[in-house]
Structure formats: C-alpha cells, structure tokens
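Enquirer: Okay, sequence plus prediction incoming.
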Amino acid sequence: MLRYENANDSDAEILTEMAFTSKQHWGYSDAQMESWRSDLTVTKDYIAKNEVVKIYHANELIGFYSILDGEPAEVDHLWLLPNFIRRGFGVVIFNAIRESVANRGQLVFHLVAEPHAKGFYDRMGGIVIRSFESKIPGRFLEVYEFATHPE
C-alpha cells in the first residue's frame, strides 16, 4: 500500500538527493549528472509553487512526483529509488497522478520522458507529441501526452 503526502519546504534537500540517486541509476556519467544539476534540484520555492508529492511504502520514503500548473498540466518530476523500480509501484503512482490531474478538471497532461523509462510511458498509454534535443548532443527527449481517463 502506498501513501502520498504533500512535500513541504523542509523536504527540498531529501527530494533533490532522491532525484539524483534515481537518475544515476540509469548509468549516467558524473559529467552528465552535473549538467542536470539545476533540472534535478528541488528548491523550497519550487515546493511552494507546485504540487510536489512524496510517496511512501511501509512508512519508507520511496519516491516523489511533481505536477506543474498549466493547460495542460505537466508532470515535471517522477522519481523512484532504484530498489523500487520494476516492482509494480510505477503503475500505481502513475494512476494517482492521473487522478490528481483529473481532479483539476483537465483531460490530458504532458511529461518529458527519461529515455530509459520510455517503455513504461508507452505501456501507460502515452502518445509522443514531439521531441527535442537534450543537453547531450545527439540525444533526443520525447514529450508524451496522457489522457486522465484512458479508454
């Protein structure tokens, strides 16, 4: 059973560490990780301005997600600690995100996919709507659109 809790400004450091740990799981070099420092850093101000939700399993913090306001909404962060990847938690969490966006009255949301998670987002029913070159030359990121109420 998963439990969700809104983050507060005292969580900024632990969430940043979690984002780095989760991203590093995919085998990126230290230089690549450093190039993403600003993208992976969760600040107190970021938490105050966005929906940032911590995810617990058996009272252990295992991940977090954030949703940015907008039309459509955008999932900006979705990280699980490596020990919890490929254990079925992602589907449950993704459905909680769908519900959260639906509760905002929105029918779709967007997400820029970590390339290693592309298969997961395909299974979640995402449709690639565009791609763009990342900070790593020759590497492209895909932007997915998801329905809050998939058919």
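Expert: Cool, got the structure.
Enquirer: In the chain, what residue spans correspond to strands?
Expert: In the chain, the strands defined using DSSP state E lie at 2-6, 51-57, 60-68, 73-80, 108-112, 127-133, 140-147.
Enquirer: For Val92, see how far away the closest residue to His116 other than its chain neighbours is.
Expert: Excluding the flanking residues, the one nearest His116 by C-beta to C-beta, 6 or more residues apart in numbering is Trp26, at 4.5 Å. Glycine gets a C-beta too; all of them are placed from N, C-alpha and C. Note on Trp26: its distance to Val92, by C-beta to C-beta, to the nearest Å, is 21 Å.
Enquirer: ok, now Glu60?
Expert: Glu60 sits 15 Å away from Val92, going by C-beta to C-beta.
Enquirer: ditto for Thr21
Expert: Applying C-beta to C-beta, the value for Thr21 to Val92 is 20 Å.
Enquirer: so what's the residue nearest to His116 scoring on pLDDT?
Expert: Looking at Trp26, its pLDDT is 86.
Enquirer: Now do the same contact list for the residue nearest the centre of the chain.
Expert: Closest residue to the average C-alpha location of the chain: Leu78 at 1.6 Å, with C-alpha atoms, centre = their mean. Contact analysis of Leu78 by C-beta atoms under 8 Å, 6 or more residues apart in numbering lists Gly63, Tyr65, Ile93, Phe94, Ile97, Leu111.
Enquirer: what does Leu68 give?
Expert: Neighbour list for Leu68: Asn50, Glu51, Glu74, Val75, Asp76 [criterion: C-beta under 8 Å, 6+ apart].
Enquirer: Looking at these, which is nearest Phe146?
Expert: Val75 (8.3 Å; C-beta to C-beta).
Enquirer: what about the closest one, distance to Ala58?
Expert: According to C-beta to C-beta, Val75 and Ala58 sit 24 Å apart.
Enquirer: swap in Phe20?
Expert: Phe20 is 23 Å from Ala58, by C-beta to C-beta.
Enquirer: more crowded one of the two?
Expert: Shown here are Phe20 and Ala58; by other C-beta atoms under 10 Å, Phe20 has more neighbours (17 against 8).
Enquirer: How about that one, nearest residue that isn't a chain neighbour?
Expert: Nearest one to Phe20, counting by C-beta to C-beta, 6+ apart, is Leu40 at 5.5 Å.
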